[in-house]
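Novice: Just need the structure, nothing else, for what follows:
(one chain, ligands or ions: 4)
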Amino acid sequence: MVVRGGTVVEAGWSGPADVVITGGRVTALAAPGTAPAAASVVDAAGHLVLPGGVDPHCHVGFTSGDFTSLDDYRQCTTAAVHGGTTTIVDFAIPRPGENPADAAHAQRAKAGEGLCDSALHACVVEWDDTVPDQLASLVADGIATVKMFTTYRGETMADEDTVLRTMKTLAALGGMVVIHCEADHIIGDAQRRCADAGRIGASHMADTRPGLAETASVAEILAIAESVDAPVYFVHQSTAEAVELVAAARRRGVRAYSEAVAHHLVLDDSAYAGDRPERFVCCPPLRPADQVRALGRHLFTGEVTTIGSDHCCYDTAQKESRSGDVRAMPNGLPGVETRLPVIFSEYVVRRGLPVTRFVELTAANPARTNGLYPRKGTLLPGADADLAIWDPTAEWQITAGDLHMATDYTPYEGMTVTGRPKTVLVGGRVVVDNGALTDPTPRGRHIKATPISTKHS
Ligand code: URP
Ligand code: ZN
Ligand code: ZN
Ligand code: ZN
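Specialist: Ligands and ions are numbered 1, 2, ... in the order given. Sure thing, here's the model as predicted:
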């Protein structure tokens, strides 16, 4: 197969090239018109040819508290490929009493239901003498990243000692902790104050999880990582201050990385003043507009490493069922399908982010920080032939009814965006063409992480 006539965009360069595909892999990037005759030609004239997106933060069928998000691998990856994402990284969060390795093995077994490939973050909540052996076998099995939380007390929160031991053990194995940082004691106090004032419903979400809780926790976790010389990746950083702490640590030699997620880069806390505040309840919460702009500026400077979705597919009924008390609500927003279009539109088209940087943030760096590069996140020869033929000028309006996520709403309802995938290939097969699913056969594979490369920018 040849994808002909497009402009290939990689993290470091872009230019006209024909993509030659054999046996599901890219075998050459040929000067336009020089590719050998092929059985099948896909026309990319006038379009960008991007490595398929790699979503480093995607919860599939995620259970937290009383709620389980509504998708399975087939549904989540169907939505992903419609949005140009061809690899998702999901989380195996142990249920109470379950150990991290069992949780990871159970979740990994679902990869085959996917329309595209997936990888996994394991999760450690509590330290015990069996954890080092579990981590060693997980890394040997290709699960090299481990999610930890400094919040959600009584559920998935880990104490500092557990974080330190897990980081140190994983670093020696070539793995990395990926961590949700919000100081739970500061949040607990803010929630009590809000509740005492009768202001604990969804419209007060932002007041219950202040930015200070995030910076306090990031500083603590950076100190732990530095003390044991371990790499660390901060998920869904929602403020410029948090990103700047990580960037400063990186300048002193700490292998520390920042993930931003699409909704924190595009939406702001005015959503909580609207008539559907529960639809925007996520952790960390949406921040004030000036803070959103400050966070967005860090995409241009190299300080943010990756952009994820933090996809969590709850529907309106789940969101509304506890909207009077954010402490009992399901947290998280659906976004695996909209991540690439909203970031392309808001940052590449409207604010001039180089499209090479877009690819770096949404595909190449997520592949690197998850040990999936250069199999994923690039179109260099040898990579899996996962790619999005992208129409950079198509204007369209986002509406939930046109999307494929297993929910009835999108936080971007009514937003007009520019740019969308026209054709999406997974392993050299056309799975989406002109917005329609052309190959619904589930052929997803669990992709094993190689030791995490922490040498990139
Ligand atoms: O609100 C969020 N982010 N829910 C998903 C779980 C998490 O903390 O990432
Ligand atoms: Zn989180
Ligand atoms: Zn309030
Ligand atoms: Zn998450």
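Novice: Helices along the stretch 251-400 of the chain, start to end?
Specialist: 262-266, 289-301, 316-321, 339-343, 355-359, 365-369 (DSSP state H, counting those that start in this stretch).
Novice: would you list those in TSV and tack on distance to ligand 1 and mean neighbour count?
Specialist: (C-beta placed from N, C-alpha, C; glycine too.) Below are those laid out as TSV (distance: least, CB to the nearest ligand atom, whole Å; neighbours: other CB atoms under 10 Å):
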stretch	distance to ligand 1	mean neighbour count
helix 262-266	9	24
helix 289-301	16	16
helix 316-321	11	16
helix 339-343	14	26
helix 355-359	23	21
helix 365-369	15	27
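Novice: Any idea which of those helices gets closest to R25?
Specialist: Evaluated over these, closeness to R25 peaks at helix 365-369, with 14.9 Å, by CB to CB.
Novice: what's the lengthiest helix in the chain in contact with?
Specialist: With secondary structure taken from DSSP state H, the chain has its longest helix at helix 211-228. Residues outside helix 211-228 that contact it (CB atoms under 8 Å, 6 or more residues apart in numbering): 150-151, 160, 163-164, 167-168, 171, 177, 179, 181-184, 186-187, 190, 230-232, 234, 237-239, 241-242, 245-246, 249, 252, 254-256, 284, 287, 291.
Novice: nearest to ligand 3, of the helices of the stretch 251-400 of the chain?
Specialist: helix 289-301 (16.4 Å; CB to the ion).
Novice: what angle do the longest helix of the chain and helix 289-301 make?
Specialist: 30 degrees (axes from the mean of the first three to the mean of the last three CA atoms, to 10 degrees).
Novice: next SSE after helix 211-228?
Specialist: As assigned by DSSP states H and E, the chain's next helix or strand after helix 211-228 is strand 232-234.
Novice: average pLDDT for that next one?
Specialist: With pLDDT averaged residue by residue, strand 232-234 scores 98.
Novice: Then stretch 48-61?
Specialist: For stretch 48-61, the mean confidence score works out to 98.
Novice: Check stretch 303-323 too.
Specialist: For stretch 303-323, the per-residue pLDDT averages 98.
Novice: Buried ones in that stretch, by neighbour count?
Specialist: Across stretch 303-323, burial judged by 16 or more other CB atoms under 10 Å covers 303-315, 318-319, 322-323.
Novice: so how far does that stretch reach from one end to the other?
Specialist: Terminal residues of stretch 303-323 lie 35 Å apart, using CA to CA, to the nearest Å.
Novice: For it, what is the distance to the chain centroid?
Specialist: Stretch 303-323 sits 11 Å away from the centroid of its parent chain (CA atoms, centre = their mean, to the nearest Å).
Novice: Check stretch 323-332 too.
Specialist: Distance of stretch 323-332 from the chain centroid (CA atoms, centre = their mean) equals 22 Å.
Novice: surely G444 meets D117?
Specialist: Yes - applying CB atoms under 8 Å, one finds G444 in contact with D117, separated by 5.6 Å.
Novice: Quick one: name the residues of the stretch 101-250 of the chain near ligand 3.
Specialist: 199, 204, 207 (CB under 5 Å from the ion).
Novice: taking the mean pLDDT, what do you get for stretch 77-92?
Specialist: So the average pLDDT for stretch 77-92 ends up being 98.
Novice: start to end distance for it?
Specialist: Across stretch 77-92, the terminal residues are separated by 17 Å (CA to CA).
Novice: Of all the residues in that stretch, which ones are buried?
Specialist: Neighbour counts over stretch 77-92 (16+ other CB under 10 Å) mark 77-92 as buried.
Novice: What about these, which are in helices?
Specialist: 77-82.
Novice: okay if I get those as CSV plus distance to ligand 1?
Specialist: What follows is those, written out as CSV (distance: CB to the nearest ligand atom, whole Å):
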residue, distance to ligand 1
T77, 18
T78, 20
A79, 17
A80, 17
V81, 22
H82, 22
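Novice: ok, these vs Y409, which is closest?
Specialist: Closest to Y409, out of all of these and judged by CB to CB, is A79, at 13.4 Å.
Novice: Would the longest helix of the chain count as contacting ligand 1?
Specialist: No - Helix 211-228 stays clear of ligand 1 (CB under 6 Å from any ligand atom), getting no nearer than 11.9 Å.
Novice: mean confidence score for that helix?
Specialist: Regarding helix 211-228, the rounded mean pLDDT is 98.
Novice: do the same with stretch 127-136
Specialist: Mean predicted lDDT for stretch 127-136 stands at 98.
Novice: Spatially nearest residue to the residue in the chain that ligand 3 sits nearest to, not counting backbone neighbours?
Specialist: Of all residues in the chain, H204 sits closest to ligand 3, at 3.4 Å by CB to the ion. Distance criterion CB to CB, 6 or more residues apart in numbering; nearest residue to H204, sequence neighbours excluded, is C194 at 5.4 Å.
Novice: Kind regards, and thank you for your time.
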